[in-house]
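S.K.: Quick check, what structure comes out for this input:
(chains A and B)
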There are 2 protein chains.
Amino acid sequence: MAAAAPPPPPAPVPEPSMTLEDTDSRNHPLFSRIRLATPADVPHIHKLIHQMAVFEKLTHLFSATESSLAATLFNSPPFTSFTVLLLEVSPSPFAPFHSPSSSSPSPYSPVDRVVYLDLPLDDPDRETFASDETHDVTVAGFVLFFPNYSTFLAKPGFYIEDIFVRECYRRKGFGRILLSAVAKQAVKMGYGRVEWIVLDWNVNAIKFYEEMGAKVLSEWRICRLTGDALDAYGNANI
Amino acid sequence: MAAAAPPPPPAPVPEPSMTLEDTDSRNHPLFSRIRLATPADVPHIHKLIHQMAVFEKLTHLFSATESSLAATLFNSPPFTSFTVLLLEVSPSPFAPFHSPSSSSPSPYSPVDRVVYLDLPLDDPDRETFASDETHDVTVAGFVLFFPNYSTFLAKPGFYIEDIFVRECYRRKGFGRILLSAVAKQAVKMGYGRVEWIVLDWNVNAIKFYEEMGAKVLSEWRICRLTGDALDAYGNANI
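M.R.: Sure thing, here's the model as predicted:
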């Protein structure tokens, strides 16, 4: 897609200092985990991107297939190129994470968070997005990002191409959790920036991003060379 | 730096069909070559980036050093991550390019072009930017770019972070030659887009880019999380 789908402002994630009374009043815990996606997740990633295209009324620009995604993602170690983190949710706590191989530790330790809801959540697409039926785990969103570079800082950063949370999971803090996961990874790697784009009329998203600490660069515009105009350079004598 | 330094509109590059009379009227040929940069070029790249910071009045944001550039560039094969193409010029024709190793062909064949000038060019920084004194070759500019990704296309593209031509070489078509080199490489690799950013008040640059076939995405704004606001995520419990 063209850019990061702006998540709506999230509900606050309960603070560790929240009182028992507060917790009791929102007594439907929803357990969430952010983990690295793998090639086995491509069917879910494809459906999430399509939902994003529908949300943005841009399905006419959507041409990704499961096979084209599989061919272009996962060709490099995580964080060195195009990287997908998946958001999964479950009514039950997730099992502790163990690196698949003890000799080569995982490049990413999943982020586990619990959000407390007033009412149990009804997910109409739960079967479509089931990722571990035995443990009632469902894919709820994703973030796709990759390294960019600042020559002034002489440091890499991350550019977030997409951040998307499925409709029934919005306004619960998951957008914030996904964005924070990328920011934390950037800090861990000593990177200098995290960047993404937003539609100028999407004031809710802009407010949310500013509350997350981001600045909106008001003067800069994106230039894009694509389609026939790009293809013409294949044979141009310039 | 923050973004692509917009080159001014270039003078037209002579067409192959140009008549002898046209050529005679601009009888100072300047030979140019675009080639992949190597670690040996870091001192020149550092100086070019600093000149760009001066040009943009952003030297207060400039913290790159030769060693920080050397540590962060050239860690991956060309075009798979941060990639620098250098523009070199010479009053004499360049020697034919031979791949350094016949067993592993070069990933990039240099682009040679000749521009014809009305007057000989006076480069006040010629010694500083000399890259091959034996053959009177001088570094005149560079472009730094890296892969990005479109989930709608399920295809990589290229993002141009910087495109810069030294002052005395501007308005001669070199910006166009550098941008075209990236576009040609994108087409060669089957990529879907080339993108970069421009300041909204820089109408000359926007006109130039539109003439190159680019569209300006007027509604999108860049969000940036950096400095202390980014560092705060290192320990945040989100």
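S.K.: Pretty sure A:Ala37 sits against A:Leu87.
M.R.: No: if you go by Cβ atoms under 8 Å, A:Ala37 and A:Leu87 don't touch, sitting 10.1 Å apart. Any C-beta I mention is one placed from the backbone N, CA and C, and that applies to glycine too.
S.K.: any residues in contact with both of these two?
M.R.: A:Phe142 (Cβ atoms under 8 Å, 6 or more residues apart in numbering or on different chains).
S.K.: The two: who's more crowded?
M.R.: A:Leu87 (27 against 20; other Cβ atoms under 10 Å in any protein chain shown).
S.K.: partners of the top strand by length along chain A in the sheet?
M.R.: Longest strand in chain A by number of residues (criterion: DSSP state E): strand A:137-150. Applying DSSP bridges to the sheet, strand A:137-150 is found paired with strand A:83-90 (antiparallel), strand A:130-132 (antiparallel), strand A:155-165 (antiparallel).
S.K.: Run the chain-centre distance for it.
M.R.: Here strand A:137-150 is found 4 Å from its chain centre; the criterion is Cα atoms, centre = their mean, to the nearest Å.
S.K.: can you check stretch A:83-101 too?
M.R.: Stretch A:83-101 sits 14 Å away from the centroid of its parent chain (Cα atoms, centre = their mean).
S.K.: So for it, what gets flagged as buried?
M.R.: Residues of stretch A:83-101 classed as buried: A:83-90, A:94 (neighbour count, 16 or more other Cβ atoms under 10 Å in any protein chain shown).
S.K.: Farthest pair within the residues you listed?
M.R.: The largest separation in the buried residues of stretch A:83-101, counting by Cβ to Cβ, is between A:Thr83 and A:Ser90 at 23.0 Å.
S.K.: my read: A:Ala205 touches A:Glu211, true?
M.R.: No: A:Ala205 lies out of contact with A:Glu211 (Cβ under 8 Å); the separation is 10.7 Å.
S.K.: From chain B, how far out is A:Asp118?
M.R.: 21 Å (Cβ to the nearest Cβ, to the nearest Å).
S.K.: so how far is A:Asp112 from that residue?
M.R.: Remark: distance between A:Asp118 and A:Asp112 (Cβ to Cβ, to the nearest Å) = 22 Å.
S.K.: who's more crowded, the two?
M.R.: Between A:Asp118 and A:Asp112, A:Asp112 has the larger neighbour count (other Cβ under 10 Å), namely 14 against 9.
S.K.: check contacts around the more buried one.
M.R.: A:Asp112 neighbours (Cβ under 8 Å, 6+ apart): A:31-33, A:94, A:97.
S.K.: hmm, 6 Å instead?
M.R.: Neighbouring residues of A:Asp112 by Cβ atoms under 6 Å, 6 or more residues apart in numbering or on different chains: A:33, A:94.
S.K.: The helix or strand that it is a member of vs strand A:83-90, what angle?
M.R.: Per DSSP states H and E, A:Asp112 falls inside strand A:111-117. Following axes from the mean of the first three to the mean of the last three Cα atoms, to 10 degrees, one obtains 40 degrees for the angle between strand A:111-117 and strand A:83-90.
S.K.: Let me know how buried A:Asn235 is, in neighbour terms.
M.R.: A:Asn235 has 8 nearby residues by other Cβ under 10 Å.
S.K.: Quick check, pLDDT for the closest residue in space to A:Ala64 that isn't next to it in sequence.
M.R.: For A:Ala64, ignoring the flanking residues on the chain, the nearest one in space by Cβ to Cβ, 6 or more residues apart in numbering or on different chains is B:Ala154 at 3.5 Å. What the model reports for B:Ala154 is a pLDDT of 96.
S.K.: What of A:Pro147?
M.R.: At A:Pro147, pLDDT is 98.
S.K.: residues contacting it?
M.R.: A:Pro147 touches A:Pro156, counting by Cβ under 6 Å, 6+ apart.
S.K.: 7 Å - rerun?
M.R.: For A:Pro147, the contact set (Cβ atoms under 7 Å, 6 or more residues apart in numbering or on different chains) comprises A:80, A:156, A:158, B:81.
S.K.: who's it bridged to?
M.R.: Beta bridges link A:Pro147 to A:Phe158, judged by DSSP bridges.
S.K.: What residues of stretch A:58-74 count as buried?
M.R.: In terms of neighbour count (16+ other Cβ under 10 Å), stretch A:58-74 has its buried residues at A:62, A:64, A:69-70, A:72-74.
S.K.: I'd like to know which of the residues you listed is nearest to chain B.
M.R.: Of all those, A:Ala64 has the smallest distance to chain B: 3.5 Å, by Cβ to the nearest Cβ.
S.K.: and that closest one, backbone torsions?
M.R.: Note on A:Ala64: backbone dihedrals following degrees, to the nearest 10 are phi -70, psi 140.
S.K.: pretty sure it is in contact with B:Lys155, am I right?
M.R.: No: between A:Ala64 and B:Lys155 there is no contact under Cβ atoms under 7 Å: 8.4 Å.
S.K.: Give me the neighbour count for the residue nearest to A:Ile34 when sequence neighbours are not counted.
M.R.: Spatial nearest neighbour of A:Ile34, excluding adjacent residues (Cβ to Cβ, 6+ apart): A:Val111 at 4.3 Å. Counted with other Cβ under 10 Å, residues neighbouring A:Val111 total 19.
S.K.: same deal with A:Arg35?
M.R.: 21.
S.K.: Same question for A:Pro78.
M.R.: Other residues near A:Pro78 number 17, with proximity taken as other Cβ under 10 Å.
S.K.: Mind listing what's buried along stretch A:164-176?
M.R.: Those would be A:164-166, A:169-170, A:172-176, for stretch A:164-176 by 16+ other Cβ under 10 Å.
S.K.: In chain A, what residue spans correspond to helices?
M.R.: With DSSP state H, the ranges of helices along chain A come out as A:20-24, A:42-55, A:66-72, A:174-188, A:203-211, A:227-231.
S.K.: Of those, which shows the lowest average pLDDT?
M.R.: Among the helices of chain A, helix A:20-24 scores lowest, at a mean of 47.
S.K.: Poorly predicted segments of chain A, please.
M.R.: Counting by pLDDT under 70, chain A contains low-confidence residues at A:1-26, A:99-104.
S.K.: Let me see the contact set for the residue nearest the centre of chain A.
M.R.: Centroid-nearest residue in chain A, with Cα atoms, centre = their mean: A:Val143, separated by 1.8 Å. Each residue near A:Val143 by Cβ under 7 Å, 6+ apart is listed here: A:85, A:160, A:162-163, A:178, A:182.
S.K.: That one and chain B: what is the separation?
M.R.: For A:Val143, the distance to chain B - Cβ to the nearest Cβ - is 11 Å.
S.K.: in the sheet, who's paired with that residue?
M.R.: A:Leu85, A:Ile163.
S.K.: Surely A:Arg33 is in contact with A:Phe94?
M.R.: Yes: using Cβ under 7 Å, A:Arg33 is in contact with A:Phe94, at 4.8 Å.
S.K.: burial of the closest residue to A:Thr72 other than its chain neighbours, as a residue count?
M.R.: Using Cβ to Cβ, 6+ apart and skipping the chain neighbours, the partner closest in space to A:Thr72 is B:Ala154 (5.7 Å). By the criterion of other Cβ under 10 Å, B:Ala154 has 23 neighbours.
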